[in-house]
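J.: sequence first, predicted coordinates after that:
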Amino acid sequence: MPTLTDPDLLEDIAEIGRVQAVPRILETVAHITGSRFAAIARVTDTTWTACATLDRLEFGLVPGGQLVLETTICDEIRQSSTSVVFAHASAHPQFSEHHTPRIYGLESYASVPIFRPDGSFFGTLCAIDSLPGNFDEAHVQRSMELLAELVGNHLDTEDRLRDAQTALTAAQQASDLRDQFIAVLGHDLRSPLQAISIAAESLEFDPTPERQQQMLAHIASGVRRMDGLINDVLDFARGRLGGGIPVSVRMVAALEEELVRVAQEVGIATGRQDIHVQMDIDGSVICDPNRLAQLLANLLTNAAQHGERSSPVTLKVRAADNVLRLDVHNAGVIPADRLQVIFSPFSREQSDQPRPGLGLGIYIASEIARSHGGTLGVTSSASDGTRFTFEMPYADAA
């Protein structure tokens, strides 16, 4: 029997498997019909799939087993929404000549439709045997229809429970993210605020021009850092609200100059004078240059801070054939567990040494890439180091 791979059918089987009453329902069906095989089947317009079975007949079907739909009476039940019950096929005026009893060697048969509470058809609750049955057909039909209704109601309960669990998980994740956000933001804003406060107090006690210039520089640095943190928070909020980071695209003829300037600034800010830059931009590029500069600054800062100091950081940019490709490489290695969440917010690497920032840089870079209709990917290994690659198609400037 081929392995079932359809994800929808696999979920249907799992859904029936979560209904704890199913084994007792099948036992009851087998008892009232005297049948040695009972099953719940998912029936679609193309497939018949067993979701749960009780097999004392050695019929050979287990959950996930399938029959050719056209060979079953269940296909007719799906189309008519009508139960079919008979105790003795070979003596029945209609089903003595029906193909299903002949194909499977059946004498007794009982199958009723299962509907979800919204009225949609799920499948059938059925019982078969190769021997004639000794039961009241009308009584069996009414009893099995009641049991089928019970199965349908259980499916609805399972759906509601799953939705509630999904909503609860999402709410818990949002709560955890909010708590983490508040904690990280409070921690990172405290440092520049303290620096500004100390500098301001120093001005009161030593108002000499030289001291003023020194303290004003500290204040300006703290303000710039706080401004960067606040901008990251705003970009994070825009990304999480689903609208994405806004971009204002235009034709940019001097993108190369802008990106080279970013590389120089990051080198100065991080103390890395070994950022090697290769640029090959053919003509104008349709983009938001300020956002691309922000994306590059985040990637280069990450590479400069986390890469091996003994090896340079390399930046390669190429724009040709209406595709912009930006590649940032360093010799560091991202652990596998962190690589899985590298594009998530607050994914800062745990370290004994404090690091500036909220851990939003790579997340914001990925959102900028998405807002440009592009992609941002990453690879990392001991042999090749870490490489972030941004690719973005853009319209012909002509």
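T.: Great, that's in hand. Numbering: from 1, shown residues only.

J.: show residues contacting whatever helix or strand Phe390 lives in.
T.: Taking DSSP states H and E as the definition, Phe390 sits inside strand 385-393. For strand 385-393, the surrounding residues in contact (Cβ atoms under 8 Å, 6 or more residues apart in numbering) are 287, 295, 299, 302-303, 306-308, 311, 322-334, 362, 365, 369, 372-380. Where C-beta positions appear, they are placed from N, C-alpha and C, glycine not excepted.

J.: correct me, but Cys51 touches Ala41?
T.: Yes: with contact defined as Cβ atoms under 8 Å, Cys51 reaches Ala41; the gap is 6.4 Å.

J.: buried among the contacts of strand 385-393? Make that a ChimeraX selection.
T.: Selecting only the buried entries of the contacts of strand 385-393 in ChimeraX, with 16 or more other Cβ atoms under 10 Å as the criterion:
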select :287,295,299,302,303,307,324,326,327,328,329,330,331,332,333,334,362,365,369,372,374,376,378,380
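
J.: tell me which residues in stretch 136-150 are buried?
T.: Using 16+ other Cβ under 10 Å as the test for burial, stretch 136-150 gives Glu137, Val140, Gln141, Ser143, Met144, Glu145, Leu147, Ala148, Glu149, Leu150.

J.: about what we covered before: quick check: mean pLDDT across the strand holding Phe390?
T.: Across strand 385-393, the average pLDDT comes to 95.

J.: could you do stretch 18-29 as well?
T.: Averaged over stretch 18-29, pLDDT sits at 92.

J.: just the CA trace of it, in PDB.
T.: Extracted in PDB, the C-alpha atoms of stretch 18-29 (Å, rounded to 0.1, in the frame of the first residue of the first chain):
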ATOM      1  CA  ARG A  18      -7.800  12.800  18.800                       C
ATOM      2  CA  VAL A  19     -11.400  12.000  19.400                       C
ATOM      3  CA  GLN A  20     -11.200   9.700  22.400                       C
ATOM      4  CA  ALA A  21     -14.700   8.300  21.900                       C
ATOM      5  CA  VAL A  22     -13.900   6.800  18.500                       C
ATOM      6  CA  PRO A  23     -12.800   3.300  19.700                       C
ATOM      7  CA  ARG A  24     -16.000   2.900  21.800                       C
ATOM      8  CA  ILE A  25     -18.100   4.100  18.800                       C
ATOM      9  CA  LEU A  26     -16.600   1.500  16.500                       C
ATOM     10  CA  GLU A  27     -17.100  -1.200  19.200                       C
ATOM     11  CA  THR A  28     -20.800  -0.100  19.500                       C
ATOM     12  CA  VAL A  29     -21.300  -0.200  15.700                       C
END
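
J.: what helix or strand is the residue nearest to Gly34 when sequence neighbours are not counted on?
T.: Spatial nearest neighbour of Gly34, chain neighbours left out: Gly133 (5.3 Å); criterion: Cβ to Cβ, 6 or more residues apart in numbering. Here Gly133 is covered by no helix or strand, with elements defined by DSSP H and E.

J.: contacting residues for Gly133?
T.: Going by Cβ under 8 Å, 6+ apart, the list of residues near Gly133 reads Thr33, Gly34, Ser35, Ala87, His88, Glu107, Ser108, Ala110.

J.: switch those residues over to a markdown table; also include distance to Ile342, neighbour count and secondary structure.
T.: Listed next are those as a markdown table, based on distance: Cβ to Cβ, whole Å; neighbours: other Cβ atoms under 10 Å; DSSP: H, G, I helix; E, B strand; the rest coil:
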| residue | distance to Ile342 | neighbour count | secondary structure |
| --- | --- | --- | --- |
| Thr33 | 58 | 26 | helix |
| Gly34 | 62 | 16 | coil |
| Ser35 | 57 | 25 | coil |
| Ala87 | 65 | 20 | coil |
| His88 | 67 | 16 | coil |
| Glu107 | 63 | 19 | coil |
| Ser108 | 61 | 25 | strand |
| Ala110 | 57 | 27 | strand |
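
J.: where does pLDDT dip in the stretch 251-398 of the chain?
T.: Along the stretch 251-398 of the chain, segments meeting pLDDT under 70 span 346-359, 396-398.

J.: which stretches in it count as strands?
T.: In the stretch 251-398 of the chain, the segments counted as strands under DSSP state E, counting those that start in this stretch are 275-281, 285-287, 313-320, 323-330, 375-381, 385-393.

J.: same check on the stretch 101-250 of the chain?
T.: Applying DSSP E, counting those that start in this stretch to the stretch 101-250 of the chain gives strands spanning 108-115, 121-129, 250-252.

J.: how about JSON lines for those, with distance to Thr5 added?
T.: Shown next, in JSON lines, are the strands of the stretch 101-250 of the chain (distance: least, Cβ to Cβ, whole Å):
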{"stretch": "strand 108-115", "distance to Thr5": "24"}
{"stretch": "strand 121-129", "distance to Thr5": "19"}
{"stretch": "strand 250-252", "distance to Thr5": "47"}
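
J.: out of those, nearest to Ile13?
T.: Comparing the strands of the stretch 101-250 of the chain against Ile13 with Cβ to Cβ, the closest turns out to be strand 121-129 (10.8 Å).

J.: what residues of that closest one count as buried?
T.: Across strand 121-129, burial judged by 16+ other Cβ under 10 Å covers Phe121, Phe122, Gly123, Thr124, Leu125, Cys126, Ala127, Ile128, Asp129.

J.: ok, which of the strands of the stretch 251-398 of the chain comes nearest Pro7?
T.: Short answer: strand 375-381, nearest of the strands of the stretch 251-398 of the chain by Cβ to Cβ, at 25.1 Å.

J.: more crowded one of Cys51 and Ala41?
T.: Neighbours per residue, other Cβ atoms under 10 Å: of Cys51 and Ala41, the larger number sits with Ala41, 28 against 24.
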